[in-house]
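Chemist: pasting a predicted model and its sequence here:
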Amino acid sequence: MPTPEKKTLVAQLREDIQSNSSLYLTEFSGLNVETMNELRSQIRAAHGRLQVAKNRLLKLAIAGTAAEGLNEYLTGPTAIAFCGEAPIAVAKVISDFGRDHEYLAIKAGLVEGRVVDRQQSERMASLPPRQQLLSELLAGLISPAAGLLRVLAAATTDLVRALEAIADKRQQTEGEQ
């Protein structure tokens with residue numbers, strides 16, 4: 001018989017899962033409390049939240065949600081990282097932290113409603129920050145316009161120089177006569 005505390009926990013997990021379009025399941029066996037608190041702090045700094053939950057309760061919480069495809073990854077010790085609006089930043093934190101702590105790894109995730117495996121999660125973690133991607137996109141959009149502007153400016157400059165040369169030549173020929 002489920003206890004009221006477990007029912008409340010499942011309901012809270014379900015609400016968190018439904019209100020976050022992105023989350024990651026992580027394996028964390030072998031990490032001590034101090035290390036887990038450090039990881040939580042780094043994930044919080046990336047605008048996410050890490051919560052440890054029993055797989056059985058997680059299975060109940062994700063039933064009937066977009067995260068239901070994560071059932072097969074709910075084995076062994078599992079922590080769930082809720083990403084809010086920063087799925088890449090949270091993946092980057094987990095991936096970087098996992099390089100220094102061999103017991104931490106992303107099992108799978110749900111990004112914008114789509115289930116992603118460990119490899120796809122690691123690829124997302126290797127993406128540059130959002131601001132850098134936006135600036136590269138903007139530079140790519142501006143570059144052709146800037147090139148066109150330079151060509152038009154050069155053509156205008158060439159026309160002005162040609163007209164000045166014609167005017168100078170006329171003045172010379174009028175001055176000789």
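Modeler: Structure's in. What do you need? Residues are numbered from 1 along each chain as shown.
Chemist: how distant is the helix or strand where Leu134 lies from the center of its chain?
Modeler: Per DSSP states H and E: Leu134 is located in helix 130-176. Taking Cα atoms, centre = their mean, to the nearest Å, one finds the center of helix 130-176 at 40 Å from the center of the full chain.
Chemist: same for it, what does it pack against?
Modeler: Using 3 or more Cβ pairs under 8 Å, 6 or more residues apart in numbering; DSSP states H and E as the contact test, no helix or strand touches helix 130-176. In short, each C-beta sits where N, CA and C put it, glycine included.
Chemist: which residue ranges of this structure form strands?
Modeler: In the chain, the strands defined using DSSP state E lie at 22-27, 49-52, 78-82, 105-111, 114-117.
Chemist: for Lys59, find the nearest of those strands.
Modeler: Lys59 sits nearest to strand 78-82 of all the strands of the chain, at 10.3 Å, using Cβ to Cβ.
Chemist: against which helices or strands is the closest one packed?
Modeler: helix 4-19, strand 22-27, strand 49-52, helix 55-62.
Chemist: pull up the gap between Glu164 and Thr173, please.
Modeler: Distance of Glu164 to Thr173, given as Cβ to Cβ, to the nearest Å: 15 Å.
Chemist: quick check: bridge partners of Glu27?
Modeler: Thr78, Ala105 (DSSP bridges).
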